[in-house]
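Q: A structural model of the following input is requested.
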Amino acid sequence: MPPRLNKRQQRELEELEALKKAEAVHDDSEEDHDEPMSSTSKPTGFAALFDPADDDVGDDDDAGEPSKAKKSKKKKKKTATGVDSPRVSTPTPKSPAPPPVVKNEKKAAKKAKAKARKAGNDELDEALAELSLKYGNAPASSTATAQSLTDSLANLLSVSLSHLDSEAEMRKFFGAKVVQASKADSPGASGSTSRRTVTAASRSNLTRPQPTWAPARMRDGLSVRSLTDLEVSQKRDRLSVDLLRGEKWWTVEYSKKYKGLTQMFLNTVQGGDPQGLFDMCRNSPWHADTLLQMAQVFRHREEHAQSVDFTDRALFAYERAFVGAFTFTTGLNRLDFDFVENRVFFLAIHRQAADLQRRGCLRTAFEFARLMYSLDPWGDPHGALFHLDYLVFKAGMTDWLLQVFKLFSNWRQDKAYEAARLDPSILPGWMYARALAFKVNSKPEEAAAALVDAVNAFPAVVPVLADKLEVSLPASLRSHRHFRIEADGSGLSEPLAVMHLLCHLYVQRSLPVWKDHAAWFGETITQHFSTPPASIAVNSVRETFLKVYGHEQLRYAAYRHIMVLEYRTLFQYIPRLILAQKSLDCDPLPPPTAVTSYDAAFFEGVEIPTMSRRQMERRLALMIPDAAARAQFEALYAVPRVAAMFPGGILQMVQALQDMPVELMEGMQAAMVELQMGVGAMEEGVRGEMPGQMPGEAVVGQAEWEEPEEAEEEDYETDEEEQQEDEEADAEASMALAAPFRAISNWVVRGIWGTPQAEEAESSEEERDLTGDID
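A: Next comes the predicted model:
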């Protein structure tokens, strides 16, 4: 079938046909009349093309394209003026036709290449089929399954950078004018500097750099590197699981200077010196630990705007280290939580996600929680999954939850599943959230079946959620032992205590999304569990849950989530030994599989930046406002033996004494008093005894100067008075010698900012108010 011609090509063919007709008419006229053509009469030839009838037809055809008609008329005139004799029939009529022929040739060439490529692929498939028949296709199928799982998980964990902007979400709800007005009213805002030029070093996907921030330099003491094959193998051994193909594990590294700043930060925090934190922020504006600590200070003071600003700075400080192949959009880059350098970034993201929920930026909070989960989906060290089962409803991402649940549920049924890997499909919150997601998506049958599965796996959620929703349950269900509410974790195994902890956590957080579906929840529970059996059958999901949380590092992740968010009502499900562990606020509850920590080995060979004498005096005055007590501390540090114990200076001594228990402080006080009294007695003995004299031995010649004894007439009252005077003198000396330690002990008991000790902290608020009034 010949190719279809466009209007221009059709017009050219019509012109050629008209030219042929004109030449035929011209030849006939010459044969009939045999008259020579005069110079005055215009030659017919192309002139016949300008017949008024033809022009009318052309105008009708080209009425829709006047510009093209004008161009064709110009070409006609140019061609007519170029003809001087009747020998105008030399142009061949097929000259304008090549364009469609060329296109056909290109198409034919493409088809030929496609056929050749297909033939090559067929040969490759045949070769692979022969190899699979020869060597078996079991490894190929497992490899394909692993690759499919990796690709599916990577797509689900890929972060949307456009949804990491909380300001854009706020503009969507409130409008740009309201957001801009709130920014102008916030402290530190400046209209003249709001249009600062964004340089390459200040671009960010996690936050919006502000003009009030310090100038940014790339990799300010932080850098990122991929783990070596040996480190990846050790990571696999610690997790007791096989890592997926395509995953890339990374870790952040500190420079030597950055380590020195970190050690200085720890000394400042342990000394309880808030002014030292401000000084560090001024001198080292991009130290992430300091920024997060400052964010906590402002959060406790309920200055949330400043707290958010410092958290953003900490995120920005770490983001500048993530260059090269480390991106958030692939869903395959992981950070090893066992390195303390990475734990700071996890903590910053967790606090950012929690604060975004407080501000109502729930879509952005979901994206940050997904980012936190993608950094370590097998351990989830900060419990991102416990945020996501609630945020999916507020962010409109219920389909995402259903896809993740289906992926892991299918994988759990595979023989290659490993119990040491955290699985969202076995969590109480995710099972109940799945049922609610089906209900929200208008799938009532799937929703009811999913809710029944969730109740069979984790019945402890039902009474807690029913009480919050004010839904009445059958009496037989209330009295069932599997539906009993556990008030604390005492008497329970650690995995079982974690299960009840997560049940209470889910109800406490996801209650708002269940309020509109309270009636459906009550009807479904009553319909399927009106007469529950004496004992619910052992559920495979619950068995897998208890097996998974038999691993200590996964239990630590749940505990860490509660401790970071400070859900104190749930502390009763955490073992007392965990709560009693001393940990830093910048590194809450380090994992039991930690590779690095802020210890002596980490800071080996690092020099702490020194302070001037004036700064040290000002810092000590802030820590100990009482001048008399401060003088006693300085006197104590003046003892050479004490100064040798604390080479870091008097501030190090104060920090160490502040951490010392009161009982040990009292023992140290008694020991020092005995030592000082012994030294005084020795000095007195030197003055009153001969060198080398034994204790109690009389001095030669002393009896000549002594008066006769009057044993019979000894005045006992005088002896009692002298003994009392001696005891008072000894007590005064003891008090004088123990004064520095008494000041230290009182300072330790008072606390740095006058806060009571743990025993006093547990007292009631009325007692604290009364004490405050008395003071």
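Q: use CA for all of it now, contacts and neighbours both
A: OK.
Q: ok, and the closest non-adjacent residue to D273?
A: Excluding the flanking residues, the one nearest D273 by C-alpha to C-alpha, 6 or more residues apart in numbering is M623, at 6.2 Å.
Q: just S204 next, same as before
A: Using C-alpha to C-alpha, 6+ apart, the closest residue to S204 is F316 (6.9 Å).
Q: using CSV, list the CA coordinates for the helix or strand harbouring that neighbour.
A: In the assignment (DSSP states H and E), F316 maps to helix 304-319. Provided in CSV are the C-alpha atoms of helix 304-319 (Å, rounded to 0.1, in the frame of the first residue of the first chain):
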residue,chain,number,x,y,z
HIS,A,304,9.7,24.8,70.0
ALA,A,305,10.7,27.1,67.2
GLN,A,306,14.3,27.3,68.4
SER,A,307,14.3,23.6,69.1
VAL,A,308,13.2,22.8,65.5
ASP,A,309,15.9,25.2,64.2
PHE,A,310,18.7,23.4,66.0
THR,A,311,17.4,20.0,64.8
ASP,A,312,17.4,21.2,61.3
ARG,A,313,21.0,22.3,61.6
ALA,A,314,22.0,18.9,62.9
LEU,A,315,20.4,17.3,59.9
PHE,A,316,22.0,19.7,57.5
ALA,A,317,25.4,19.0,59.1
TYR,A,318,25.1,15.3,58.4
GLU,A,319,23.5,15.7,55.0
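Q: can you give me the buried ones in it?
A: 304, 306-319 (16 or more other C-alpha atoms under 10 Å).
Q: circling back to that earlier point, report the contact partners of the residue nearest to S204.
A: 204, 206-207, 209 (C-alpha atoms under 8 Å, 6 or more residues apart in numbering).
Q: and the furthest pair within those?
A: Greatest spacing in those, by C-alpha to C-alpha: L206 and P209 (9.5 Å).
Q: can you give me the neighbour number for the closest residue to S409 other than its chain neighbours?
A: Excluding its sequence neighbours, the residue lying closest to S409 (C-alpha to C-alpha, 6+ apart) is S425, at 5.8 Å. Using other C-alpha atoms under 10 Å, S425 is surrounded by 23 other residues.
Q: could you check how far S425 is from L371?
A: 19 Å (C-alpha to C-alpha, to the nearest Å).
Q: swap in M653?
A: 42 Å.
Q: dump the residue contacts of the closest residue to I485 other than its chain neighbours.
A: Of all residues not flanking I485 in the chain, A460 sits nearest, at 6.4 Å (C-alpha to C-alpha, 6+ apart). Applying C-alpha under 8 Å, 6+ apart to A460 gives the contacts 482-485, 500, 503.
Q: check which helix or strand W250 maps to.
A: Counting by DSSP H and E, W250 is part of strand 248-254.
Q: list the strands paired with that strand, with their directions.
A: strand 222-226 (antiparallel), strand 333-335 (parallel) (DSSP bridges).
Q: contacts for the next helix or strand after the first one, please.
A: Spelled out, that is strand 222-226. Sequence order places helix 229-239 as the next helix or strand after strand 222-226, per DSSP H and E. Helix 229-239 is contacted from outside by 242-243, 249, 420-421, 593, using C-alpha under 8 Å, 6+ apart.
Q: from the buried residues of helix 304-319, which is closest to A18?
A: Out of the buried residues of helix 304-319, the member with the shortest distance to A18 (by C-alpha to C-alpha) is E319, at 74.1 Å.
Q: quick check: end-to-end length of stretch 574-594?
A: First-to-last residue span, stretch 574-594, C-alpha to C-alpha: 20 Å.
Q: just to revisit the earlier point, just the contacts of A460: which has the poorest pLDDT?
A: Least confident entry in the contacts of A460, by pLDDT: H482, with 82.
Q: if I look at that one, how far off is A460?
A: In terms of C-alpha to C-alpha, H482 sits 7 Å off from A460.
Q: contacts only, for Y598.
A: Counting by C-alpha under 8 Å, 6+ apart, Y598 has contacts V340.
Q: wasn't it part of a helix?
A: No: secondary structure of Y598 (DSSP: H, G, I helix; E, B strand; the rest coil): coil, not part of a helix.
Q: how much space between the residue nearest to I485 and K547?
A: 18 Å.
Q: what of K235?
A: 20 Å.
Q: do the same with W249
A: Taken as C-alpha to C-alpha, the span from W249 to K547 is 26 Å.
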